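Participant: Show me how the following folds:
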Amino acid sequence: GHKEVFTGDFRFSEDEFREIELVKDADKMWLDFTYGKDPRFDFPSRKEVTSQIISLILNENSTLEKPIWISAYNVGREILLRTICKAFRTKIWAPSPKPKIYHEIGGDYDIFTSDESFIGVHHRLAIENLKGIDKELLNLIEDSLRILPTGWATIQQKRVSDVYYFNYSDHNDFYSLQKW
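Facilitator: From the prediction side, this is the model:
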């Protein structure tokens, strides 16, 4: 028969992708890429950016005396969060859907805590726009190290001064797709 494969965004090399059983004998593939059409998107390796983020944390907050807030969507940044967790031997507080989603995709559920008073690494969806956040949480966030790992950092014009932006993506960039 005829086999077509539809994908969402992903970040694999061509060789890694072709090793996935599902795509080995596909007649046609439909690839969805957020950053694939714009040459401004040229991402360093996730390993390189993760090292930069860990270095920042070591330089700014090595004893984790103040919270670290890392912005991420409900799905994505799992490798980054797990690596930071292991590097600092700490847990991560995340809103309720994140630990469940992470567990369902085969992640280590034990890296998360539900204790909101936890000082350590926090995962939040938004760390730039703090409107509508209660005053106690706002004070905690404003006195924290805020990190925004995003592919959009490449072209983001408006930046908040006390947020560290990193060009990190779990998606292929323009140049890696050109190799395909």
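Participant: the strands in the protein, which residues?
Facilitator: For the chain, strands defined by DSSP state E occupy the ranges 4-6, 28-30, 68-71, 92-93, 112-113, 121-124, 145-149, 163-166.
Participant: per-stretch mean pLDDT over these, give me the minimum one.
Facilitator: For the strands of the chain, the weakest mean pLDDT is recorded on strand 121-124, namely a mean of 65.
Participant: what residue ranges in this structure score low on pLDDT?
Facilitator: Within the chain, the ranges that satisfy pLDDT under 70 run 8-18, 73-76, 105-109, 116-120, 122-134, 136-138, 140-141, 156-160, 179-180.
Participant: Now do the helices in it.
Facilitator: Taking DSSP state H, the helices of the chain run over residues 14-18, 46-61, 78-88, 97-104, 135-142, 174-178.
Participant: Just say which of these is most tucked in.
Facilitator: Compared across the helices of the chain, helix 78-88 shows the largest average neighbour count, a mean of 18 (mean count of other C-beta atoms under 10 Å). Just so you know, the C-beta spots here come from the backbone N, C-alpha and C atoms, and that holds for glycine as well.
Participant: Compare the helices of the chain and give me the one nearest residue 33.
Facilitator: Closest approach to residue 33 among the helices of the chain (C-beta to C-beta): helix 174-178, 6.1 Å.
Participant: Point to the residue nearest the middle of this structure.
Facilitator: Residue closest to the average C-alpha location in the chain (C-alpha atoms, centre = their mean): residue 77, at 2.6 Å.
Participant: I'd like to know which of the strands of the chain lies nearest to residue 175.
Facilitator: Evaluated with C-beta to C-beta, the strands of the chain place strand 163-166 nearest to residue 175, the distance being 18.2 Å.
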